[in-house]
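Asker: Pasting the sequence and the predicted model now:
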Amino acid sequence: MAKEQLIIFDTTLRDGEQSPGASMTREEKLRIARQLEKMHVDIIEAGFPAASNGDFEAVRSVAEAIKDSRIAALCRTSDQDISRALEALKPARAGRIHTFIATSPLHMEKKLRMAPEDVIIAAKNAVRFARNGIDDVEFSCEDAGRSEMDFLCRIVETVIKEGATTINIPDTVGYNVPRQYADRICQLRERVPNSDKVIWSVHCHNDLGLAVANSLAAVIAGARQVECTINGLGERAGNAALEEVVMAVRTRQDIFPCDTRIDATHIVPASKLVSSVTGFPVQPNKAIVGANAFAHESGIHQDGVLKHRETYEIMRAEDVGWNTNKLVLGKHSGRTAFRARLKELGIEVDSEQVLNTAFTRFKELADKKHEIFDEDLHALMSEDVVTPEDEYYKLVASAFHSETGETPHAMITLSAGGAEHRAEAQGSGPVDAAFKAIESVARSDADLQLYSVNAITTGTDAQGEVTVRLAKGSRIVNGLGADTDIIVASARAYINALNKLRSVAERLNPQL
Ligand SMILES: CC(=O)SCCNC(=O)CCNC(=O)[C@H](O)C(C)(C)COP(=O)(O)OP(=O)(O)OC[C@H]1O[C@@H](n2cnc3c(N)ncnc32)[C@H](O)[C@@H]1OP(=O)(O)O
Ligand SMILES: CC(C)C(=O)C(=O)O
Ligand SMILES: [Mg+2]
């Protein structure tokens with residue numbers, strides 16, 4: 001049997017924009033709307049035209065530009081708001097008026113200061129007025145999650161009689177839990193006359209982190225429109241995240257009697273676009289669109305994924321717009337992932353013993369660094385362990401001078417093959433000066449590819465550890481140096497890298 005359609009109503013440009021700091025210009029709304037259209041979002045709520053001239057123009061521009069998604073505009077129950085929204089929607093090929101009024105005792109008494117009977121009259125008049133201007137009218141019972149069921153049934157019955165085509169039951173303050181919210185939808189569908197003539201919609205906020213769970217529970221209870229936003233953007237803790245709703249329904253087709261029309265491969269680009277427009281970063285562990293959503297770091301998981309992806313992946317990264325899943329090498333990784341990455345990098349390991357030695361070094365490095373990059377692996381595999389006894393270069397003495405207004409200066413005494421050399425240099429900072437002084441003796445001509453500093457103890461007397469990566473031709477090595485003086489640690493790291501470069505060169509050319 002063909003699945004029913006679950007309508008995706010995206011409100012990133014309206015409720016999403018209500019996130020403090022997320023307001024968008026007309027051009028930004030247009031860019032996002034085009035991406036939503038590409039994804040096959042059914043309805044794009046573009047804004048609240050009565051809010052400002054800017055929002056009016058933004059809704060009008062979106063209505064003009066978008067052809068394959070329906071454009072909705074939000075308005076209160078007043079004729080002025082509705083007229084403004086109708087005006088903004090004029091260029092739309094398909095438009096929808098979305099009008100709302102609060103229905104909870106708290107909102108009616110304290111905010112609207114209206115008697116419940118007057119709220120029903122306002123809703124009735126608004127839907128009638130809107131239907132005179134447009135065929136598609138959605139009515140929302142704001143704060144439905146805290147409204148009395150009998151009252152909800154009455155107001156919904158009234159607006160259906162006036163021609164509302166979609167009835168939205170928002171959990172405006174994210175107060176509901178899934179079973180209770182689903183029960184509301186079931187009761188409304190059972191009790192309201194002609195409930196089968198309208199689409200039941202849900203709009204959940206995430207104040208208790210339940211927006212997606214509540215939306216999905218409502219879908220199982222018969223809702224066929226979900227209002228949601230990219231990255232879960234929205235007022236306060238946000239709305240249900242579009243990407244999570246879409247992928248939950250798609251991944252669990254064994255449970256849901258419906259599916260969306262969304263082309264999920266556009267989800268990650270949409271997430272990145274919304275994040276860059278609003279300046280709201282996506283947390284790495286965010287479902288579907290977070291940088292770690294398809295990344296595996298621990299050895300047992302990596303081994304499983306390499307043997308069969310589905311051991312630890314319920315969706316394919318490619319299906320939501322990532323290039324691929326990721327195996328991140330770190331201190332929890334095991335030999336399987338280590339060997340696999342080396343193979344990808346074209347590094348042949350000819351024996352188990354070489355692999356084991358390299359793996360031990362890899363673990364030592366991983367204890368010091370959060371993430372191991374491909375360059376680290378190249379360095380790791382191309383270097384020999386240099387023991388203090390066979391170090392060619394040794395730091396004998398050093399002095400650094402750095403004073404405000406003066407060029408930093410370094411003096412180094414370096415032993416090279418047993419002969420001591422004294423060198424001085426100036427640099428843009430004391431570390432730069434130290435490296436230049438060392439180079440003036442070693443003349444390695446290597447490229448400095450990485451300089452990174454870690455504090456390995458805490459406090460002002462912290463031991464600083466420096467990593468220096470040098471590259472020469474195809475050789476890449478990592479040098480490490482530690483000292484409580486960070487400039488000395490840097491000089492040691494540079495010298496350590498020089499010794500490793502030399503030892504690799506010797507291995508390749510024993511005449512050296
Ligand atoms: C749950 C939601 O997300 S609701 C949508 C939230 N979005 C917005 O608020 C859009 C941006 N808002 C605005 O730009 C402004 O608030 C405007 C232009 C809409 C109204 O501005 P103002 O006229 O200055 O009113 P103000 O914002 O101070 O107060 C809201 C008024 O609307 C009334 N109101 C609230 N909801 C409704 C409604 N659904 N239908 C009719 N009146 C309503 C309030 O009771 C209040 O009326 P009062 O001034 O007589 O007390
Ligand atoms: C206007 C309505 C749909 C809303 O955003 C809410 O109740 O949260
Ligand atoms: Mg909302």
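Answerer: Yep, that arrived. Ligands and ions are numbered 1, 2, ... in the order given.

Asker: Was I right to think residue 77 contacts residue 121?
Answerer: No: judged on Cβ atoms under 8 Å, residue 77 makes no contact with residue 121 at a distance of 9.4 Å. Yep, even glycine has a C-beta here, placed from its N, CA and C like the rest.

Asker: Can you give the distance from the helix or strand harbouring residue 465 to the centre of its chain?
Answerer: If you go by DSSP states H and E, residue 465 is part of strand 464-472. Taking Cα atoms, centre = their mean, to the nearest Å, one finds strand 464-472 lying 31 Å from the centre of the chain it belongs to.

Asker: Residue numbers of the stretch 201-350 of the chain in contact with ligand 1?
Answerer: Within reach of ligand 1 by Cβ under 6 Å from any ligand atom, the stretch 201-350 of the chain has these residues: residue 235.

Asker: got a list of contacts for the strand holding residue 465?
Answerer: By Cβ atoms under 8 Å, 6 or more residues apart in numbering, the list of residues contacting strand 464-472 from outside reads 368-369, 375, 379, 444-456, 476-486, 489-490, 492-494, 496-498, 501, 505.

Asker: The same query, at a cut-off of 6 Å, please.
Answerer: Strand 464-472 is contacted by residues 446-447, 449-456, 477-482, 486, 489-490, 493-494, 497, 501 when judged by Cβ atoms under 6 Å, 6 or more residues apart in numbering.

Asker: From the residues you listed, which land in helices?
Answerer: Judged by DSSP state H, helices contain the following of those: 486, 489-490, 493-494, 497, 501.

Asker: possible to save those residues as TSV with pLDDT and distance to residue 83?
Answerer: Output for those, formatted as TSV (pLDDT from 0 to 100; distance: Cβ to Cβ, whole Å):
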residue	pLDDT	distance to residue 83
486	91	67
489	91	70
490	95	69
493	93	70
494	96	72
497	92	72
501	87	76
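
Asker: now those residues: which count as buried?
Answerer: 486, 489-490, 493-494, 497, 501 (16 or more other Cβ atoms under 10 Å).

Asker: For ligand 2, state which of these is nearest.
Answerer: Nearest to ligand 2, judged by Cβ to the nearest ligand atom, of these is residue 486 at 52.2 Å.

Asker: Spatially, what comes nearest to that closest one if we skip its sequence neighbours?
Answerer: Nearest non-adjacent residue to residue 486, counting by Cβ to Cβ, 6 or more residues apart in numbering: residue 464, 4.3 Å away.

Asker: Would you mind measuring from the one you found to ligand 1?
Answerer: From residue 464 over to ligand 1 the distance is 51 Å, taken as Cβ to the nearest ligand atom, to the nearest Å.

Asker: try residue 150
Answerer: Going from residue 150 to ligand 1 by Cβ to the nearest ligand atom gives 21 Å.

Asker: Buried residues of stretch 85-96, list them for me.
Answerer: 85-86, 88-89, 92, 94-96.

Asker: what's the offset of it from the middle of its chain?
Answerer: When C-alpha coordinates are averaged (Cα atoms, centre = their mean), stretch 85-96 and its chain have centres 32 Å apart.

Asker: contacts with ligand 2 among the contacts of strand 464-472, please.
Answerer: Among these, no residue is within reach of ligand 2 (Cβ under 6 Å from any ligand atom).

Asker: Give me the neighbour count for residue 335.
Answerer: If you count neighbours by other Cβ atoms under 10 Å, residue 335 ends up with 16.

Asker: which one is it nearest to, not counting chain neighbours?
Answerer: In space, residue 335 is closest to residue 359, 5.6 Å off (Cβ to Cβ, 6+ apart).

Asker: Residue 149 now?
Answerer: residue 187 (5.9 Å).

Asker: Distance of the one you found relative to ligand 2?
Answerer: For residue 187, the distance to ligand 2 - Cβ to the nearest ligand atom - is 19 Å.

Asker: confidence score at that residue?
Answerer: The confidence metric pLDDT takes the value 98 at residue 187.

Asker: swap in the one 3 residues further on?
Answerer: Among the per-residue scores, residue 190 shows a pLDDT of 98.

Asker: And what about residue 83, helix, strand or coil?
Answerer: helix (DSSP: H, G, I helix; E, B strand; the rest coil).

Asker: tally of neighbours for it?
Answerer: Using other Cβ under 10 Å, residue 83 is surrounded by 16 other residues.

Asker: give me the number of residues near the residue lying closest to it once chain neighbours are set aside?
Answerer: Using Cβ to Cβ, 6+ apart and skipping residues adjacent in sequence, the residue nearest residue 83 is residue 133, 7.8 Å away. Residues near residue 133, counting by other Cβ under 10 Å, number 16.

Asker: Averaging pLDDT per element, find the lowest-scoring helix or strand in the chain.
Answerer: Lowest by mean pLDDT, DSSP states H and E among the helices and strands of the chain is helix 374-382, with a mean of 75.

Asker: before we move on, back to that, the strand holding residue 465 versus helix 374-382: what angle between them?
Answerer: Put simply, strand 464-472 runs at 80 degrees to helix 374-382, going by axes from the mean of the first three to the mean of the last three Cα atoms, to 10 degrees.

Asker: got the contact list for the strand or helix carrying residue 437?
Answerer: Per DSSP H and E, residue 437 falls inside helix 430-442. For helix 430-442, contacts defined as Cβ under 6 Å, 6+ apart pick out 400, 402, 408-410, 412, 414, 421, 423-427, 487, 490-491, 494, 498.

Asker: residues contacting residue 318?
Answerer: Contact partners of residue 318, counting by Cβ under 6 Å, 6+ apart, are absent.

Asker: Are we agreed that it is in a helix?
Answerer: Yes: according to three-state DSSP, residue 318 belongs to a helix.

Asker: List only those of the contacts of helix 430-442 flagged as buried.
Answerer: Using 16+ other Cβ under 10 Å as the burial test, these include 400, 408-410, 412, 414, 421, 423, 425, 427, 487, 490-491, 494, 498 as buried.

Asker: Closest to residue 102 out of the residues you listed?
Answerer: residue 490 (63.0 Å; Cβ to Cβ).

Asker: Look up how far residue 304 lies from the nearest residue to residue 451 once chain neighbours are set aside.
Answerer: Leaving aside its chain neighbours, residue 451 sits nearest to residue 468 (5.7 Å; criterion: Cβ to Cβ, 6+ apart). Distance, residue 468 to residue 304, using Cβ to Cβ, to the nearest Å: 36 Å.

Asker: Sort out for me which of the buried residues of stretch 85-96 are in helices.
Answerer: 85-86, 88-89.

Asker: Could you work out the most separated pair of those residues?
Answerer: With Cβ to Cβ as the measure, no two of those lie farther apart than 86 and 88, at 7.4 Å.

Asker: still on that earlier bit, so how many other residues sit close to the residue nearest to residue 149?
Answerer: Neighbourhood size, residue 187 [other Cβ under 10 Å]: 14.

Asker: quick one: secondary structure of it?
Answerer: Three-state call for residue 187 (three-state DSSP): helix.

Asker: With residue 100 instead?
Answerer: What three-state DSSP gives for residue 100 is strand.

Asker: so what's it up against?
Answerer: By Cβ under 6 Å, 6+ apart, the residues touching residue 100 are 140, 142.

Asker: rerun at 8 Å
Answerer: Residue 100 is in contact with 74-77, 139-142, 168, 170, counting by Cβ under 8 Å, 6+ apart.

Asker: Also residue 58?
Answerer: Contacts here follow Cβ under 8 Å, 6+ apart; on that basis residue 58 touches 13, 24-26, 29-30, 46-47.

Asker: circling back to that earlier point, can I get the buried residues of stretch 85-96 in a markdown table with pLDDT?
Answerer: What follows is the buried residues of stretch 85-96, written out as a markdown table (pLDDT from 0 to 100):
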| residue | pLDDT |
| --- | --- |
| 85 | 98 |
| 86 | 98 |
| 88 | 98 |
| 89 | 98 |
| 92 | 97 |
| 94 | 96 |
| 95 | 98 |
| 96 | 98 |
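
Asker: Now flag whichever of these is closest to ligand 1.
Answerer: Nearest member of the buried residues of stretch 85-96 to ligand 1, counting by Cβ to the nearest ligand atom, is residue 85, at 11.3 Å.
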